[in-house]
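[1] quick one: sequence and predicted model below, then my questions.
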Amino acid sequence: MDNVRCTLICTWTENWVEEEDITTNILSRLPVKSLLICKSVSKRWRRLICSPDFVLSQLRWSRENPSFIFFLRYENELIKISGEVFERIPLPFGQRPNNCDMICSFNGFICLTNYIGWNHNILIWNPATQEVQLLPTTTLSKKPPKIGVAYGPGTYKLFRIFYPASKSQPGYCECEAYSSITRSWKGIGSVTYWPMSSKHVSINKTVYWFISAEKDRTVAGSILAVDLEENFRKISLPEEVSRNLSLVDLEGCLSLISIHVEANRFDLWVLQDYKNEAIWFRKCSEDMPILEIGYVFSVVAQKNEILFMLVERYFLYNIGSRTWRELDWGDVLRRKYPTAFAFTESLLPCTGTIGI
């Protein structure tokens with residue numbers, strides 16, 4: 001009798017675990033808005049959807065199916081585009097502040113900044129769940145600081161490089177970091193380099209910014225990197241690059257797009273190693289017929305595709321098939337001069353980690 005009971009219990013447990021796996025596999029593929037509704041179906045589903053394992057499972061699936069999100073100049077909304085589906089997402093402020101900017105997109109979050117005099121507000125916002133976190137106020141800066149976010153599966157660290165208002169030395173800048181684990185700022189100390197802008201790429205828990213060339217401050221001369229452990233490093237660029245450069249995350253690798261306008265082509269460089277010395281590999285060099293149409297003002301990548309943005313036209317280049325495709329987005333983004341980011345939805349809370 002005991003053997004029969006034990007067999008029944010084991011069979012029930014195995015079936016329950018298998019059913020749980022199937023449910024997780026199905027639900028993790030749903031949009032976040034649908035998952036928030038599914039939490040009301042039953043206590044079991046709510047417990048499942050709120051669990052750290054499910055949150056990470058949903059994030060992994062979302063990363064395999066990213067979309068583009070656009071920050072529009074002088075508008076009170078973002079536009080998310082997934083294939084042929086357009087979604088307008090109101091900004092969390094109500095009325096948009098004059099000096100608002102979008103810094104990056106990571107793990108389903110949007111990092112927004114707003115400057116008022118020397119005061120600098122930073123928000124972490126999950127547009128799918130509509131959760132918003134205003135980071136604590138920190139050291140005043142004489143200039144708008146440069147921001148970068150390094151992140152792992154369930155944590156992030158925001159780096160802020162700034163000119164302290166209390167310091168009088170010309171060119172003196174410092175860095176401080178906000179950790180989602182401690183939920184507080186920590187001073188790191190003085191830094192040697194000042195990023196050209198807050199536009200950056202974050203890959204494998206490391207932030208990468210362009211820093212200016214010594215002889216010409218208007219062009220990129222190298223790359224500044226900092227990881228979650230707060231280790232800084234300067235990375236040299238390939239010698240054959242042009243003035244028109246963009247950093248992108250291409251299939252999890254730090255990549256550099258160099259547009260040669262006069263030659264009507266772009267080169268794609270991939271960083272293979274920089275522990276001892278920067279080793280760049282030129283992955284491809286492709287003709288750019290779109291340069292005959294107009295100037296490329298912004299570039300962003302997701303998976304193995306690169307989006308080249310002209311003033312009112314948008315072209316997607318697929319690295320695998322080596323083909324160009326024009327996207328019919330002109331009516332939606334016309335005269336908006338947007339900034340584009342790769343975007344993945346998530347259930348992650350803005351306030352910190354999810355228990356991992």
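    That came through, no problem.
[2] so F341 makes contact with L78?
    No. The pair F341 / L78 is not scored as a contact, 9.4 Å apart, by Cβ atoms under 8 Å. Every residue, glycine included, has its C-beta placed from N, CA and C.
[3] who touches both of those two?
    Here F341 and L78 have 69-71, 102 as joint contacts, going by Cβ atoms under 8 Å, 6 or more residues apart in numbering.
[4] let's verify the closest residue to D101 other than its chain neighbours: helix, strand, or coil?
    Closest residue in space to D101, ignoring its immediate chain neighbours: T113 at 5.2 Å, by Cβ to Cβ, 6 or more residues apart in numbering. Of the three states, T113 takes strand under DSSP: H, G, I helix; E, B strand; the rest coil.
[5] burial count for T113?
    For T113, the tally of surrounding residues (other Cβ atoms under 10 Å) stands at 20.
[6] repeat for L140
    15.
[7] what's the pLDDT at the closest residue to it other than its chain neighbours?
    Nearest residue to L140, sequence neighbours excluded (Cβ to Cβ, 6+ apart): A165, at 3.9 Å. With respect to pLDDT, A165 scores 83.
[8] so what touches stretch 76-87?
    65, 67-72, 88-91, 93-96, 102, 110, 127, 329, 332-333, 338, 343.
[9] can you give me the end-to-end span of that stretch?
    In stretch 76-87, first residue to last residue: 13 Å (Cα to Cα, to the nearest Å).
[10] which positions within that stretch qualify as buried?
    By neighbour count on 16 or more other Cβ atoms under 10 Å, the buried set for stretch 76-87 is 78-81.
[11] now the helices for this protein?
    2-27, 32-38, 43-50, 52-64, 330-333 (DSSP state H).
[12] lowest mean pLDDT across those helices, which one is that?
    Lowest mean pLDDT within the helices of the chain: helix 2-27, a mean of 57.
[13] thinking again about what came up before, from the buried residues of stretch 76-87, pick the one nearest R44.
    K80 (30.7 Å; Cβ to Cβ).
[14] for that closest one, give the beta-bridge partners.
    I69, E87 (DSSP bridges).
[15] so what's it scoring on pLDDT?
    94.
[16] test my guess that P144 contacts I116.
    No. Counting by Cβ under 8 Å, I116 is not a contact partner of P144; they are 11.0 Å apart.
[17] more crowded one of the two?
    Counted by other Cβ under 10 Å, P144 and I116 do not tie: P144 has more neighbours, with 16 against 10.
[18] which residues touch stretch 57-71?
    By Cβ under 8 Å, 6+ apart, stretch 57-71 touches 24, 27-29, 32, 35, 78-83, 89, 101-102, 105, 107-108, 110, 153, 300, 302-303, 307, 333, 336, 338-348.
[19] swap in stretch 160-179?
    118, 120, 122, 135-136, 138-143, 145-148, 155, 157-159, 184-191, 194-195, 226, 230.
[20] what about that stretch, how long is it end to end?
    Rule used - Cα to Cα; the end-to-end distance of stretch 160-179 is 12 Å.
[21] buried ones in it, by neighbour count?
    160-164, 173-179.
[22] how deep is G252 tucked in, by neighbour count?
    10.
[23] if I pick it, what's in contact with it?
    Applying Cβ under 8 Å, 6+ apart to G252 gives the contacts 203-204.
[24] coming back round to it: would you mind writing the PyMOL command to select the buried ones in the contacts of stretch 76-87?
    Buried members of the contacts of stretch 76-87, defined by 16+ other Cβ under 10 Å, are picked up in PyMOL with:
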select buried, resi 67+68+69+70+71+72+89+91+102+110+127+329+333+338+343
